[in-house]
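Asks: I would like the atomic coordinates for the input below:
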Amino acid sequence: MIGRLNHIAIAVPDLAAAAAKYRDRLGADVGSPQALPEHGVTVVFVDTGNTKVELLEPLGADSPIAAFLDRNPAGGMHHICFEVPDIAAASARLLSEGARILGDGRPRIGAHGNPVLFLHPKDFDGTLIELEEISPPGNR
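Replies: Residues are numbered from 1 along each chain as shown. You can find the predicted model right below:
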């Protein structure tokens, strides 16, 4: 069902400082900040060539990333994202197998403009999983 690893997300207390570390110390290709109010975050994507690192900073006090940083003030890995060709089919299969989808269970539009959903970390060995619908290469 899952395809390639799309990104690894890291929650950070200071997005500009984190982006500068990746750009200046590691020589990475770092994108521009992108506010995602529906998700309560501001993100920057770091292109590693074979995948991406998503740096997340809270956008407002109600952000789920703010709660994460309360527990982990220095930041840390927040989730991993896998690509799927059909998010509705993936959701139906996961639900039929007992997995829990966070929120209202319906996909939302993510940072890349594609439908995403998140799977409960207790169902996946303590790891928050994001699924992102990506069309197969011939259909993009």
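Asks: Can you name the residues in contact with the top strand by length along the chain?
Replies: The single longest strand within the chain, with elements called by DSSP state E, is strand 76-84. Outside of strand 76-84, the residues within contact range by C-beta atoms under 8 Å, 6 or more residues apart in numbering are 1-11, 54, 56, 65, 68, 90, 116, 118, 127-134. All C-beta atoms are positioned from the backbone trio N, CA, C, and that covers glycine.
Asks: Among those, which are located in strands?
Replies: Per DSSP E, strands hold the following members of the contacts of strand 76-84: 5-11, 54, 56, 116, 118, 129-133.
Asks: re earlier: would you mark the buried spots in the longest strand of the chain?
Replies: For strand 76-84, the neighbour count (16 or more other C-beta atoms under 10 Å) marks 78, 79, 80, 81, 82, 83, 84 as buried.
Asks: Relative to that strand, what are the paired strands and their orientations?
Replies: Strand 76-84 has its sheet partners listed here by DSSP bridges as strand 5-11 (antiparallel), strand 129-133 (parallel).
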